[in-house]
Structure formats: C-alpha cells, structure tokens
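Visitor: Structure for the following, please:
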Amino acid sequence: MNVVLLCRVSTNHQDYNRQIAELTEFCILQGWNIEKVFANKISGAKKLEERAEIQDMVMYVRTHDIDKVVVLEISRLGRNTLEALKVIQMLNEEGICLYVKNYNLETIVGGKVNPVASMICTILLEIAQMERLTIAERMTSGRNQYIAHCRENGVKMGRPETYRKSEDAYREQYAKEIGLLRKGISLRNVHSITSTSMGTLQKLKTRFVG
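Guide: Numbering: from 1, shown residues only. Below is the predicted model of the structure:
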C-alpha cells in the first residue's frame, strides 16, 4: 500500500512536524509505505490554486502508483468547505482514497467512492469552517471592545514612536524570506512559499536585497 502524507498548519508560528510524526507512526503500524510528504504553512481558507502543496500532491499522485492520501484530520485538507471538497473530488476522479486518521474515514472502499464518508467529510468541513468564522468574530469583537476601552480611558495605542526593530532582529525573524529574495525569487512566489505579507516582503527586499 503506497501512500502520501498531507500536512498543514495555518501560521508560521505553528509546526507540522507533530502531524508528520503521528501519521508516520500510524502508517508504519498499518504496513503502509510512505512515498512522499506534502506539507506547508498556509491558511486552510486559501483557494486550491493558491496552495502549492495541494497542487504538487495532485500532480504526484497522478504520475505515481499511490493508493491513499493520509491526513490527520479533515481540517488539514482545508477549512473552506468548497475548496476542500474540490480536493476530494480530484482524488476520487483519480481513484485515490483520502484517509482521515482521527475518524478512520476512507473516501474510496473496494475501488468505489464511499458516499457515507463523503457525507461525513462534508459535515466535518462545514463544522471546521463555522469554528473558524466564530473565532474570527470573537477576535474582532474582543479587539473592538479593547479599542473602545482604551479610547474611553485616554490610553494611546500602538507601538511607541521610538520603536524600530533592529536589522539583526529582522535578519533572524525573516532569514528564509531574505534568502529567497536574494536568489531572485519574486515577491509573489516568496509570499506563496512563506505566507509573509507582501508589504513586509517589499520592506525586506528594499532593506536587505536592494
């Protein structure tokens, strides 16, 4: 049984190594052969066309003898329901099973699409999307309440006027981005790889690349 792993985290401050370790241990116990790992740090709300690891994975499974794509949980596929379902459909069309470990779900069983698994995946994706929207609403509400409180009490917000991040701090925090820019990789491509904002990348290019 040849499989690939698909892992994702939403921000640069998270690490997908835990997902890789857990899935690797599971696949070894199942006797599955891991052919490749596809991982990225990017929001699951991104469109399919904006997710390089998904595009690379689809191309890989089309040209290699792959039986399953293994994910830890359905939200790793994407929290935007429509975009995640596109991935499942693409895999179904290739006859490749998506296996969701934490629910023991297989989208293809005995060579046929499993309608029950497809329905459950859709429900789980909708729940994940609702949770993301709820969190975003709570964060916005909390931020607005904090801003209102500060204004009522005359508290000045933002960084001190004298604040300026040192060049060493920039070099340490954005070492990967600076390295890619110095290799001549475009701002847009560096943004796709690192998820760093275009504004920050422009500042890094001006300050460290020229």
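Visitor: ok, which stretches of the protein are helices?
Guide: 17-30, 52-63, 81-93, 115-152, 167-173, 175-182, 187-194, 198-204 (DSSP state H).
Visitor: out of the ones you listed, nearest to residue 101?
Guide: The closest of these to residue 101 is helix 17-30. By Cβ to Cβ, the value is 6.0 Å. Just so you know, the C-beta spots here come from the backbone N, C-alpha and C atoms, and that holds for glycine as well.
Visitor: So for stretch 77-91, what gets flagged as buried?
Guide: Neighbour counts over stretch 77-91 (16 or more other Cβ atoms under 10 Å) mark 77-81, 83-88, 90-91 as buried.
Visitor: Same list, those, but as JSON lines with distance to residue 142 please.
Guide: JSON lines is the format used below for these (distance: Cβ to Cβ, whole Å):
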{"residue": "77", "distance to residue 142": "29"}
{"residue": "78", "distance to residue 142": "26"}
{"residue": "79", "distance to residue 142": "21"}
{"residue": "80", "distance to residue 142": "24"}
{"residue": "81", "distance to residue 142": "26"}
{"residue": "83", "distance to residue 142": "28"}
{"residue": "84", "distance to residue 142": "28"}
{"residue": "85", "distance to residue 142": "32"}
{"residue": "86", "distance to residue 142": "33"}
{"residue": "87", "distance to residue 142": "33"}
{"residue": "88", "distance to residue 142": "34"}
{"residue": "90", "distance to residue 142": "38"}
{"residue": "91", "distance to residue 142": "38"}
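Visitor: which stretch among the helices of the chain comes nearest residue 36?
Guide: For these, the distance to residue 36 is smallest for helix 52-63, at 6.1 Å, taking Cβ to Cβ.
Visitor: Check the offset of the closest one from the chain's centre.
Guide: 15 Å (Cα atoms, centre = their mean, to the nearest Å).
Visitor: For it, buried residues please.
Guide: 53, 54, 57, 58, 61.
Visitor: least trustworthy helix or strand in this structure by mean pLDDT?
Guide: Every helix and strand in the chain was compared by mean pLDDT, DSSP states H and E; the lowest is helix 115-152, with a mean of 75.
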